[in-house]
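Engineer: dropping a prediction and its sequence here:
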Amino acid sequence: MAQSLSKLYVHLIYHIKNTSVVIRDEEKQKLYAYMGSVLKSNDSIPIIINGTEDHVHILCVMSKNIALAKLIEEIKRHSSRWIKTLDKYYNDFAWQGGYGGFSVSPSIHDKTKRYIENQEEHHKKKDFKEEYLMFLKEYGIKYDEKYLWYD
């Protein structure tokens, strides 16, 4: 084949460090917009970014020219530096080192998008740990729980 083509929908999930301050409501949308710009600068297409005070969900079309780990590293690094410029409140802000990256079939794209849109409502019923373990189980990912939650 003479041309490389792909369309990879990816659902990314990551959490703040346990020692970090939480993301305040008034900064969430600005933070998500900034993350979207980081995705775009890495030739990826943000579809939806949302979360709660302590974690973020991203649905995007990932560029064929970047590895998943590198894309996450770029988003975390840039967004962490950026949020610290907003207010002294964020001086100790940091993301955890790990992340979840899940492939999304076009057939569940809309369902995944709705799920991410409704994070605040969803987390009235299920906390982050329950949610994340659900994804790991659904995708058949083996893990050691002692390494999931603390850096």
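Structural biologist: Sure, I can see it. Since the model is a prediction, treat every value here as computed from it, not as a measurement.
Engineer: now do the phi/psi pair for His57.
Structural biologist: phi -120, psi 140 (degrees, to the nearest 10).
Engineer: quick check: closest non-adjacent residue to it.
Structural biologist: Ile116 (4.5 Å; CB to CB, 6 or more residues apart in numbering). For every residue, glycine as well, the C-beta is placed using N, CA and C.
Engineer: list the contacts of the one you found.
Structural biologist: Neighbouring residues of Ile116 by CB atoms under 8 Å, 6 or more residues apart in numbering: His11, Ile48, Ile49, Asn50, His57, Ile58, Leu59.
Engineer: next one, pLDDT for it please.
Structural biologist: Note on Ile116: pLDDT of 94.
Engineer: host element of it?
Structural biologist: Assigned by DSSP states H and E, Ile116 belongs to helix 109-117.
Engineer: is Gly100 bridged to anything, and to what?
Structural biologist: Ile13 (DSSP bridges).
Engineer: my read: it touches His55, true?
Structural biologist: No. Assessed by CB atoms under 8 Å, Gly100 is found out of contact with His55, at 9.9 Å.
Engineer: find the residues that touch each one of the two.
Structural biologist: Joint contacts of Gly100 and His55 (CB under 8 Å, 6+ apart) are Ile13, Tyr14.
Engineer: what's the angle from the helix or strand hosting Val61 to helix 109-117?
Structural biologist: Assigned by DSSP H and E, Val61 falls within strand 55-62. With axes from the mean of the first three to the mean of the last three CA atoms, to 10 degrees defining the directions, strand 55-62 sits at 150 degrees from helix 109-117.
Engineer: which other residues reach strand 55-62?
Structural biologist: Residues contacting strand 55-62 (CB under 8 Å, 6+ apart): 7-16, 32, 35, 39, 44-51, 68, 71, 75, 104, 109, 112-113, 115-116, 119, 128.
Engineer: pairing partners for it, with directions?
Structural biologist: strand 8-15 (antiparallel), strand 45-51 (antiparallel).
Engineer: average pLDDT for the shortest one, rounded please.
Structural biologist: It stands for strand 45-51. The model assigns strand 45-51 a mean pLDDT of 98.
Engineer: and it, which residues are buried?
Structural biologist: Using 16 or more other CB atoms under 10 Å as the test for burial, strand 45-51 gives Pro46, Ile47, Ile48, Ile49, Asn50, Gly51.
Engineer: cool, thanks, signing off.
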